[in-house]
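[1] Could you look at this predicted model? Sequence included:
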Amino acid sequence: MMKMVDDFRWKLRQKEYVPIMTGGMGVDISTASLALESARLGGIGHISDAMGPTVSDRRYETNFVQQKYQKYKANTSSSNKSQVHFDLKMVEEAAFLHVDNTMNAKRGEGMIFVNCMEKLSMNNPRDTLKARMAGAMNAGIDGITLSAGLHLGTMALVSDHPRFRDTFLGIIVSSVRALRPFLKRAAKLDRMPDYIVVEGPLAGGHLGFGMDWAEYDLKTVFVEVVQFLKDNDLDIPVIPAGGIFTGSDAVEYMELGAAAVQVATRFTVSEECGLPNRAKQKYFEALEKDVVVNQVSPTGYPMRMLTNSPGIGQGIRPNCEAFGYILDSDGHCAYVDAYNRELERTQKEGGKLIVEDKTCLCTQMRNFKIWTCGHYVYRLKDTTHQLEDGSYQMLTAEHIFKDYQFSRDHQVKLPEKTTISPQTTAVAEEVAA
Ligand SMILES: Cc1cc2nc3c(=O)[nH]c(=O)nc-3n(C[C@H](O)[C@H](O)[C@H](O)COP(=O)(O)O)c2cc1C
């Protein structure tokens with residue numbers, strides 16, 4: 001009989017885990033409750049630290065965004081954002097609060113990691129990243145996964161932290177080319193990453209590939225990375241991600257030497273996921289033709305999303321005084337540039353201000369208006385029941401996790417059918433708000 005994921009375990013520092021890791025999904029799409037379910041079930045759950053101060057305001061009653069906005073509001077009409085800076089104490093405290101609250105609620109044998117997207121350069125890449133990592137480490141995070149925009153010097157930023165060697169540190173790469181220099185630098189610190197996530201071109205969020213992403217495939221890159229490590233006598237667990245939709249997909253990688261798998265899209269339609277219910281229904285409804293990889297993200301990386309994401313093609317004013325997570329070390333963001341270009345054009349020619357080529361990622365992700373997803377989002381409808389009113393039945397994270405863990409032969413186990421429509425819940429949610 002074909003194996004299932006449960007036949008495997010990931011052994012890390014003498015402890016065994018169910019080899020399923022739920023990936024980080026910013027901005028608070030992979031919520032603490034979602035990550036906590038993975039940990040409770042013996043796997044590893046990621047929270048994300050993207051837009052930490054904003055998430056903290058929403059969850060922990062701080063008012064970091066307002067404080068920053070008050071300080072810089074005189075700058076809102078200026079196209080120059082170079083003076084808009086984050087208070088490092090605030091950044092660290094936001095990371096601390098999110099991680100501390102999550103860790104205090106942790107049950108079971110699994111672990112909680114935080115996804116740190118380095119491309120959120122916050123007008124001061126080194127110091128803000130250091131503050132984010134230190135905040136998480138001080139709050140007792142089990143591990144940190146460094147993603148998108150990986151810098152060779154990142155590990156050194158926290159090398160003097162007392163938890164530098166006890167916090168699990170991992171990286172996400174999409175090629176041997178990106179991995180090689182990172183490992184060289186890590187060797188100098190005598191601190192190799194504890195795991196390497198290899199993300200293929202079918203993943204959600206930002207891609208580590210160019211617009212020629214379709215010419216690559218996860219299995220090939222995964223095998224190349226495993227081979228590269230072997231050739232260099234490096235024993236580091238490798239974790240594939242991107243398009244692993246069934247437990248059997250995962251088993252294929254485990255048999256090729258994967259230590260675990262990282263999955264995300266299947267969980268976007270779980271009750272614990274941070275997306276609003278209406279957005280979850282859009283993920284269920286998606287057809288293959290609705291999924292695009294485009295360049296509207298001002299980070300410079302291609303990003304996969306649903307074409308009907310309401311945040312595409314708007315012309316909202318940049319909100320860097322309150323947010324400003326994408327500003328590079330010179331205070332530039334590609335959306336700010338695109339917006340100013342269109343502003344100038346409409347001032348001359350009239351007409352409505354629309355920015356087609358870029359999106360204001362901070363505001364739109366914060367408001368759940370960019371529906372980023374993995375390529376196989378259009379298969380989500382096959383993982384549940386369609387209800388009489390046409391809506392789809394939501395799943396629990398536990399159901400999805402266990403389906404990955406115990407399914408064989410590419411079967412997807414449907415949940416027990418309920419009669420409560422998620423549309424009803426969505427309406428109730430709105431009334432309550
Ligand atoms: C809605 C969504 C948001 C994501 N956000 C992030 C992110 O903020 N940082 C990151 O490194 N990866 C992000 N990802 C990528 C996932 O962590 C994961 O590696 C990938 O999506 C796995 O592929 P799958 O979705 O096909 O299972 C995101 C994925 C999704 C679906």
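    Received, thanks. Numbers count the residues shown, from 1 in each chain.
[2] Show me what whatever helix or strand Pro53 lives in is packed against.
    Here Pro53 sits within helix 52-60, counting by DSSP states H and E. Contacts defined by 3 or more Cβ pairs under 8 Å, 6 or more residues apart in numbering; DSSP states H and E place helix 52-60 against helix 64-72, helix 88-104. For the C-beta atoms, the positions are set from N, CA and C on the backbone; glycine is no exception.
[3] at 10 Å instead, please
    Helices and strands touching helix 52-60, by 3 or more Cβ pairs under 10 Å, 6 or more residues apart in numbering; DSSP states H and E, are helix 64-72, helix 88-104, helix 125-138, helix 361-366.
[4] Next, the angle from it to helix 125-138.
    In terms of direction (axes from the mean of the first three to the mean of the last three Cα atoms, to 10 degrees), helix 52-60 departs from helix 125-138 by 30 degrees.
[5] circling back: which one of the helices and strands packed on helix 52-60 lies nearest to the ligand?
    The ligand lies closest to helix 361-366 among those, at 8.6 Å (Cβ to the nearest ligand atom).
[6] what about the closest one and the ligand, any contact?
    No: using Cβ under 6 Å from any ligand atom, helix 361-366 stays clear of the ligand, coming no nearer than 8.6 Å.
[7] Next secondary structure after that helix?
    Defined by DSSP H and E, the subsequent element after helix 361-366 is helix 397-406.
[8] so how far is that next one off the chain centroid?
    Its chain's C-alpha centre and that of helix 397-406 lie 20 Å apart, by Cα atoms, centre = their mean, to the nearest Å.
[9] just the strands in the stretch 201-350 of the chain please.
    For the stretch 201-350 of the chain, the strands defined by DSSP state E, counting those that start in this stretch occupy 205-206, 238-241, 261-263, 291-294, 303-306.
[10] Among these, show me which one is buried the most.
    strand 261-263 (a mean of 28; mean count of other Cβ atoms under 10 Å).
[11] what's the closest non-adjacent residue to the residue in the stretch 151-300 of the chain positioned nearest to the ligand?
    Here the stretch 151-300 of the chain gets closest to the ligand at one residue, Gly204, 2.5 Å apart by Cβ to the nearest ligand atom. Closest residue to Gly204 apart from its sequence neighbours, by Cβ to Cβ, 6 or more residues apart in numbering: Gly374 at 4.1 Å.
[12] That neighbour - how many residues pack around it?
    Gly374: 27 surrounding residues under other Cβ atoms under 10 Å.
[13] Could you pull up the residues touching it?
    23, 200, 202-205, 241-245, 263-266, 268, 283, 291, 304, 380 (Cβ atoms under 10 Å, 6 or more residues apart in numbering).
[14] try Val226
    Going by Cβ under 10 Å, 6+ apart, Val226 touches Ile196, Val198, Ile236, Val238, Pro240, Tyr253, Leu256, Gly257, Ala258.
[15] which of the residues you listed count as buried?
    Buried members of the contacts of Val226, scored by 16 or more other Cβ atoms under 10 Å, are Ile196, Val198, Ile236, Val238, Pro240, Tyr253, Gly257, Ala258.
[16] For the last one, report the pLDDT, please.
    We have a pLDDT of 98 for Ala258.
[17] Distance check, it against Glu321.
    From Ala258 across to Glu321, the span is 44 Å (Cβ to Cβ, to the nearest Å).
[18] near the ligand, which residues of the stretch 101-250 of the chain show up?
    With the criterion set to Cβ under 6 Å from any ligand atom, the stretch 101-250 of the chain comes near the ligand through 115, 117, 147-148, 172, 199, 202-205, 241-244.
[19] between those, which is closest to Thr102?
    Nearest to Thr102 among these is Asn115, at 12.5 Å by Cβ to Cβ.
[20] Need phi/psi at that closest one.
    Backbone torsions of Asn115, given as degrees, to the nearest 10, read phi -90, psi 120.
[21] Run a quick neighbour tally on it.
    Neighbours around Asn115, by other Cβ under 10 Å: 26.
[22] which residues sit in contact with it?
    23-26, 30, 35, 46-50, 143-148, 170, 172, 197, 205, 262.
[23] again, only this time at 6 Å
    Listed by Cβ atoms under 6 Å, 6 or more residues apart in numbering, the contact partners of Asn115 are Gly24, His46, Ser48, Thr145, Ser147.
[24] For these, give me JSON lines that also has distance to Trp213 and secondary structure.
    What follows is the contacts of Asn115, written out as JSON lines (distance: Cβ to Cβ, whole Å; DSSP: H, G, I helix; E, B strand; the rest coil):
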{"residue": "Gly24", "distance to Trp213": "20", "secondary structure": "coil"}
{"residue": "His46", "distance to Trp213": "22", "secondary structure": "strand"}
{"residue": "Ser48", "distance to Trp213": "22", "secondary structure": "strand"}
{"residue": "Thr145", "distance to Trp213": "21", "secondary structure": "strand"}
{"residue": "Ser147", "distance to Trp213": "16", "secondary structure": "strand"}
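[25] picking that back up, so which of the contacts of Val226 are in helices?
    Taking DSSP state H as the definition of helices, those contribute Tyr253.
[26] Pro125: which of the contacts of Val226 is nearest?
    Checking the contacts of Val226 against Pro125 by Cβ to Cβ gives Ile196 as the nearest, at 22.1 Å.
[27] Okay, and the beta partners of that closest one?
    Ile171, Val238 (DSSP bridges).
[28] Go ahead and confirm it touches Val238.
    Yes: in terms of Cβ atoms under 6 Å, Ile196 counts as a neighbour of Val238; the distance is 5.3 Å.
[29] who touches both of the two?
    Residues touching both Ile196 and Val238 by Cβ under 6 Å, 6+ apart: none at all.
[30] Quick one: neighbours of Arg316, just the number.
    Rather than Arg, residue 316 is Ile. 16.
[31] Dihedrals phi and psi, it?
    According to degrees, to the nearest 10, Ile316 has phi -70, psi 150.
[32] In the helix holding Pro53, which of the residues would be classed as buried?
    Applying 16+ other Cβ under 10 Å to helix 52-60 flags Gly52, Pro53, Thr54, Val55, Ser56, Asp57, Arg59 as buried.
[33] same deal with stretch 184-200?
    Ala186, Arg191, Met192, Pro193, Asp194, Tyr195, Ile196, Val197, Val198, Glu199, Gly200.
[34] Could you point out which residue ranges in this protein have low pLDDT?
    Scanning the chain with the threshold set as pLDDT under 70 gives 419-433.
[35] and stretch 317-335, anywhere near the ligand?
    No: on the criterion Cβ under 6 Å from any ligand atom, stretch 317-335 is out of touch with the ligand, staying 11.2 Å away.
[36] Now do that stretch: everything it contacts.
    With contact meaning Cβ under 6 Å, 6+ apart, stretch 317-335 is reached by 51, 65, 69, 72-73, 75-76, 81-82, 84, 120-123, 125, 298, 336, 339, 358, 360-363.
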